[in-house]
Each structure stands twice: as structure tokens, then as C-alpha cells.
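> Need coordinates for the below:
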Amino acid sequence: MQRELYYQIPLKRQRKVGRLVCRKAFPAMQLMWPLLALYLAGLIALAVFGHALDQWLTAAGIRYGVEFSFVSLILLALAGLWGLRRLQVSQVQSRVHFDQVIRLTQDDHGLRFATENTEFYFKWRGISQLLLVHDGVVVFHGALFFLVPDIAFPNAGDRLAFTREVYSRLSDNARSISEKHIRAALSEQPSAA
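Numbering: from 1, shown residues only. This is a model prediction of the structure:
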């Protein structure tokens, strides 16, 4: 069965769907809001009842009890957020194989990033930004990006040629956004390799 569909989705709707999908895909992350609520409730309780708590702890022989409670509250909140973040990362890693070989193909119409399981094709006009990072070239389409590491290129001259070729095919808006990030590469002279 073959199917061909055409549709548009406004950004506002995509953002709502994105939040809904994240809540359903990673339900443990919903613990972040109760954790933040408990943290704020603890801060408010310390602010309101701090003096009474300090007097009670001082009478019990504990100095700097309120300060210790405040620091403990901050550390517990940070530890909880760190734990939730680690849980989300482990859930993502358990669902997708990130160590697959990526095959980048450049043609007259765009760039194709393909693995054994997935394939993305960016037409030249669909590339929204080009960045150079310390170990490669990053190609963006909105929030989706692909890193092409330096080790993928046979030499620095090939990396420079790739960067210039992609930049030359970007839309005017994408070029204006990218130019300040790749200015050095645009003015660099190709090395004889």
C-alpha cells in the first residue's frame, strides 16, 4: 500500500504535542514538578518558621541548624534533579542504538544522513544553520542537528571544502545566521594535502 499525505502543523501546536509526547514517553520526568514544589515549600517553611526552628535547635544544642537545613534542602533538590536527568538519559539510551555508523551523502539537492535504522534528508533550503565546533561541523534544521566529526573527513582541506559547499547552498537567512560562526573557515586558505 502506498500513501502520500500533505499537511502543515503550526509551531504552537508542535510545542504542545512535544510537551505531551515527552510526558507520555518519559513519565518519570513528571516527578520533577513535585520535587520543585517540595523544594519551594521547604524554602517557604524555612523563611516563615526559621526563627522558631533556630531557637528550638539552639535549645537542643545544634548550632546553625537553619543554615544547615537550607544547604541540605538545596543539595537534596540538586541531587533529585540530577537523578531525574540521569534516569531520562538512561531511558533514551535504552530505546535507541546511538553507536551506529552514520553515512553522509551529499548530492545536488541536499544532505542525507543515514544509519541502518533511520534516514534524514535535508534539502539545502531546509538547513537552518551551519556551525563549526572544535571537533567537527554541525548541520541544523531547527532543533534537529547532526555533527559531522573531523575524523569523517580524509583531511582538513576536505572538511573546509565541505563547509564552504554547504554554506554556499544555504538560504540567505541561514547564511546570515551561520556566517559569524564559520567566518574563520570562509577566509581560511585550503591547505595543500
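> drop to CA atoms for contacts and neighbour counts, all remaining ones
Fine.
> mind pulling up the phi and psi values for the residue in the chain sticking out farthest from the centre?
Here the chain reaches farthest from its C-alpha mean at residue 59, the gap being 49.6 Å by C-alpha atoms, centre = their mean. Phi and psi for residue 59, reported as degrees, to the nearest 10, are phi -60, psi -30.
> Contact partners for it?
With contacts defined as C-alpha atoms under 8 Å, 6 or more residues apart in numbering, residue 59 is in contact with no residue.
> If I look at it, what pLDDT would I see?
pLDDT for residue 59: 84.
> what secondary structure does residue 130 sit in?
Here residue 130 is recorded as strand under DSSP: H, G, I helix; E, B strand; the rest coil.
> what is it paired to in the beta sheet?
Residues in a beta bridge with residue 130, per DSSP bridges, are residue 139.
> if I look at the residue farthest from the centre of the chain, how far off is residue 51?
Taking C-alpha to C-alpha, to the nearest Å as the measure, residue 59 falls 12 Å from residue 51.
> Same question for residue 113.
Counting by C-alpha to C-alpha, the gap from residue 113 to residue 51 is 61 Å.
> the more surrounded of the two?
residue 113 (16 against 12; other C-alpha atoms under 10 Å).
> Got the confidence number for that one?
pLDDT, residue 113: 90.
> What residues are bridge-paired with it?
Going by DSSP bridges, residue 113 forms beta bridges with residue 104, residue 120.
> show me what contacts it?
102-105, 119-121.
> Now flag whichever of those is closest to residue 75.
Relative to residue 75, the closest of the contacts of residue 113 is residue 102; by C-alpha to C-alpha it sits at 40.2 Å.
> The residue nearest to the closest one when sequence neighbours are not counted: neighbour count?
Nearest non-adjacent residue to residue 102, counting by C-alpha to C-alpha, 6 or more residues apart in numbering: residue 115, 4.9 Å away. By other C-alpha under 10 Å, the residues close to residue 115 number 15.
> tell me the phi and psi of residue 115?
phi -120, psi -170.
> Relative to residue 101, how far out is it?
6 Å.
> What of residue 22?
Distance, residue 22 to residue 101, by C-alpha to C-alpha: 27 Å.
> Look at these two and report which has more neighbours.
Remark: of residue 22 and residue 101, residue 22 carries more neighbours, 12 against 9, as counted by other C-alpha under 10 Å.
> This completes my enquiry, with thanks.
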